[in-house]
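**Q** Mind looking at a prediction? Sequence and model below.
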Amino acid sequence: MAKIRLFIDHPLAQGQGIALSSDQAHYLSSVMRQEAGDEILLFNGRDGEWLARIARLAKRNGDVVPERQTAPQMDPPDLWLLFAPIKKTRTDFIVEKAAEMGAAQIVPVQTDFTNSERIRQDRLQAHAVEAAEQCGGTYVPEVTDLSPLSRLLDGWDGTRRILWADEAMVGPAQTLAGLTKGPWAILIGPEGGFSESERARLSAMDCVTRISLGPRILRADTAAVAALALWQAELGDWRRD
């Protein structure tokens, strides 16, 4: 079985030729040393995973032809990750791990204490694509542009519950047993925590559930992974019913 996986924004069907982008052709020819006749795996976030054969390959262009589906489409649960961007490499880490762990949408938020005032949405989206390519997923979560938390909460649909990893609740780790399935969002704050006004607003929202992530204060990137694991194990597609 082919080991190279590529996300390609094109319908996948047997025998339908697909043109490679210049970056994809360069990656296959110059980095992975592939050539015409070799097999790779493709996915587009809609049609599952397909085995494809390289029909033509040059340094900056080429064509591949899907031959058969190797895995069905597997969409993640309806879970968003809301997080305050931190240092560049650690923000990259959060996006990559959220994609690997099954977040359906990744939403960077600007809080009162967020250190970063801007992000490169296109670069973070590329990290999500790379994570999906490497982890065997068939879905790539959308990474939205940076949004002020206050504006996001102004228009919040209360049917989507928010799981707030509150650093002020440091203590025994909590399970999520008893919470209902459905649309959820996990909220991870900045390195400086939430402001008093943000805490008051979140505490007043009926759709918000506060949890502790254990007896130690976690870095923001660690907290994101821990909260995603807790949610997936109890309410997501890691659970065995």
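**A** Cool, got the structure. For clarity, every value in this text was computed on a predicted model and none was experimentally measured.
**Q** Excluding covalently adjacent residues, which one is nearest to the residue most central in space within the chain?
**A** What sits nearest the mean C-alpha location of the chain, by Cα atoms, centre = their mean, is residue 99, with 2.7 Å. With Cβ to Cβ, 6 or more residues apart in numbering as the criterion, residue 99 has its nearest non-adjacent residue at 3.8 Å, and that residue is residue 131. The C-beta positions use only the backbone N, C-alpha and C, and glycine is treated the same way.
**Q** Could you list the low-confidence segments of the chain?
**A** Per-residue confidence of the chain (counting by pLDDT under 70) places the weak regions at 1-2, 173, 240-241.
**Q** Would you map the helices across it?
**A** Remark: helices assigned in the chain by DSSP state H are 22-26, 88-101, 121-135, 149-154, 196-204, 220-235.
**Q** ok now do the residue nearest to residue 71 when sequence neighbours are not counted, which residues does it touch?
**A** Sequence neighbours aside, residue 49 is the residue nearest to residue 71 in space, at 3.9 Å (criterion: Cβ to Cβ, 6+ apart). Each residue near residue 49 by Cβ atoms under 8 Å, 6 or more residues apart in numbering is listed here: 5, 41-43, 69-71, 138.
**Q** Out of those residues, who's the most crowded?
**A** Most neighbours among the contacts of residue 49, by other Cβ atoms under 10 Å: residue 43, with 26 neighbours.
**Q** Next one: residue 219 from residue 61, what distance?
**A** As judged by Cβ to Cβ, to the nearest Å, residue 219 and residue 61 stand 43 Å apart.
**Q** So these two - more neighbours on which side?
**A** Comparing residue 219 with residue 61 by other Cβ under 10 Å, the one with more neighbours is residue 61, at 15 against 11.
**Q** Show the backbone phi and psi for that one.
**A** Here is the backbone geometry of residue 61 (degrees, to the nearest 10): phi -160, psi 170.
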